[in-house]
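[1] Dropping a prediction and its sequence here:
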Amino acid sequence: MSESGPEAVAEVGEFRTRVRAWLDENNLSPGPAPGFDAQVAQLGRVRRALFEAGWMRYGWPEAVGGLGGPALLRAVLGEEVASRGLAEPGIYSMVEVLAPTMISYARPELAAEMVPRLLDGSEQWCQGFSEPGSGSDLASLRTRAEQRGDRWVINGQKVWTSLAQFASRCVLLTRTGPGHDGITAFFVDMDSPGITVRPLRTMHGVDEFAEVYFDDVVIGESRMLGRPGDGWRVAMDLLPYERSTCFWHRIAHLFTRLDRLLDQTAEADDTALGAAYLALHTVRCRSRGTQQRLGGGAALGPDTSIDKVLLATAEQQLFDTARDLLPGEIELADSGWRPEFLYSRAATIYGGTAEIQRNIIARRLLDLGKE
Ligand SMILES: Cc1cc2nc3c(=O)[nH]c(=O)nc-3n(C[C@H](O)[C@H](O)[C@H](O)COP(=O)(O)OP(=O)(O)OC[C@H]3O[C@@H](n4cnc5c(N)ncnc54)[C@H](O)[C@@H]3O)c2cc1C
């Protein structure tokens, strides 16, 4: 049976009802402490509680501490967490990207040892892909890994690595030869000698990401993800996860912000609110279809660039609408709207920029040629 069949739908509905009842009884709301450190601590608390209660284990294979079931269950859990504002949505989503990579590419015993630590909130991990000069053109990355016997020695620099300063491990792309086939992925312990992390501040005032330097960092062969030269495949295989369950979670978060805006603009008779709702609803419909295709066993590819463009557009439109309808609130007031407005500008950058997504849609979906 495919994950999108009727049994799966019933299973998903029952799961949602049970999760909601549990969350009603168990208060996981964040405390009053401000700042990103507190958000990361809250994320650990939420994951731990959800793991202990079993919810965080549904939708993951038993081999890595899961309880099985369709991946859609993870999306439902994420939606409930986002709707109740229990965890910062961006960092909550990291599990969705990094755990599937480990399950697909790490040696089974390594995945079995490590993935539960991510699910149960005892560890944060980070994704070391981008480098100075290698963002959109990821295949030009230069961080080297050189083989010395059964060990590899890593030298180079990563940048914009989200959560690096909190992370115990990193899924790292390195260069081991020329071209796309010369990229190799490793699972690196962040406390390895030779790693230096320098936090970077976003324009919304948060040390969310970092520069990460690797100076003669030695790593064992057993930490390679896949085989030498599989790194590009690892990077491409992340996309279906980055753009399915993660998006569902973020859309749920954005709907909470639309509700807040509606509350604060009760008198407004503005078509902009309708347009913002329509943009969110459109990406939600699109995302639902994407998850059903993924659940049905389809291999997702360039078509997910549509989801990415729709999500980033809807997110920015929502916060633009807030700025228009709440004059001065973003520029002058010390409210929650300002950091979220500023962070929404990043939506057209992280996970592949808007321009790159449109290039992909033009070339690979519409067959419009190279330039
Ligand atoms: C909040 C945030 C979190 C992030 N977290 C991580 C992380 O955890 N791990 C990680 O590895 N990376 C992370 N990134 C980095 C992100 O993946 C890169 O910023 C992104 O891929 C763009 O790369 P770049 O910044 O080098 O910009 P560039 O690639 O230099 O692009 C600069 C501009 O040129 C445009 N451009 C580039 N090439 C073309 C082209 N061929 N055609 C048309 N326009 C083009 C781009 O669209 C962009 O507008 C994060 C970024 C942000 C903002």
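    Great, that's in hand.

[2] need the residues of the stretch 201-350 of the chain near the ligand, please.
    Phe209, Ala346, Ile349, Tyr350 (C-beta under 6 Å from any ligand atom). C-beta here means a position set from N, CA and C on the backbone, and glycine is covered the same way.

[3] who's sitting farthest from the centroid in this protein?
    The centre of the chain is farthest from one residue, Glu267, which by C-alpha atoms, centre = their mean lies 36.0 Å away.

[4] starting at the chain centroid, how far to stretch 136-147?
    Centroid separation for stretch 136-147 versus its chain: 22 Å, with C-alpha atoms, centre = their mean, to the nearest Å.

[5] what's the first-to-last distance across it?
    End-to-end span of stretch 136-147 (C-alpha to C-alpha, to the nearest Å): 27 Å.

[6] Just the residues of the stretch 201-350 of the chain next to the ligand: which are in strands?
    If you go by DSSP state E, those have Phe209 in strands.

[7] Can you give me the distance of His245 to the ligand?
    Quick fix: residue 245 is Thr, not His. 17 Å (C-beta to the nearest ligand atom, to the nearest Å).

[8] just to revisit the earlier point, just the residues of the stretch 201-350 of the chain next to the ligand now: which is nearest Arg257?
    Ala346 (15.4 Å; C-beta to C-beta).

[9] Please name the spatially closest residue to that closest one (chain neighbours excluded).
    Of all residues not flanking Ala346 in the chain, Thr202 sits nearest, at 7.1 Å (C-beta to C-beta, 6 or more residues apart in numbering).

[10] residues near the one you found, how many?
    17 (other C-beta atoms under 10 Å).

[11] just the one 3 residues further on next, same as before
    Using other C-beta under 10 Å, Gly205 has 13 other residues around it.

[12] Can you report phi and psi for it?
    With angles defined as degrees, to the nearest 10, Gly205 sits at phi 90, psi 30.

[13] cool, and Thr196?
    Torsion angles, degrees, to the nearest 10, at Thr196: phi -120, psi 130.

[14] how about the closest residue to it other than its chain neighbours, secondary structure?
    Distance criterion C-beta to C-beta, 6+ apart; nearest residue to Thr196, sequence neighbours excluded, is Tyr213 at 4.3 Å. Following DSSP: H, G, I helix; E, B strand; the rest coil, the label given to Tyr213 is strand.

[15] Most proximal residue of the stretch 1-150 of the chain with respect to the ligand?
    Proximity of the stretch 1-150 of the chain to the ligand (C-beta to the nearest ligand atom) peaks at Gly135, 1.9 Å away.

[16] pLDDT score assigned to that residue?
    Here, the pLDDT recorded for Gly135 equals 95.

[17] next one: Glu7
    57.

[18] Kindly report the same for Ser4.
    Ser4 is assigned 48 on the pLDDT scale.

[19] Quick check, pLDDT for Ala275.
    Looking at Ala275, the pLDDT reads 96.

[20] what helix or strand does it sit in?
    Assigned by DSSP states H and E, Ala275 belongs to helix 271-295.

[21] List the buried residues for that helix?
    Going by neighbour count (16 or more other C-beta atoms under 10 Å), the buried part of helix 271-295 is 272-273, 276-277, 279-280, 283-284, 286-287, 290-295.

[22] Okay, buried residues for stretch 114-126 please.
    Going by neighbour count (16+ other C-beta under 10 Å), the buried part of stretch 114-126 is Met114, Val115, Pro116, Leu118, Leu119, Asp120, Gly121, Glu123, Gln124, Trp125, Cys126.

[23] that older thread, quick check, nearest of the buried residues of helix 271-295 to the ligand?
    Out of the buried residues of helix 271-295, the member with the shortest distance to the ligand (by C-beta to the nearest ligand atom) is Val283, at 18.8 Å.
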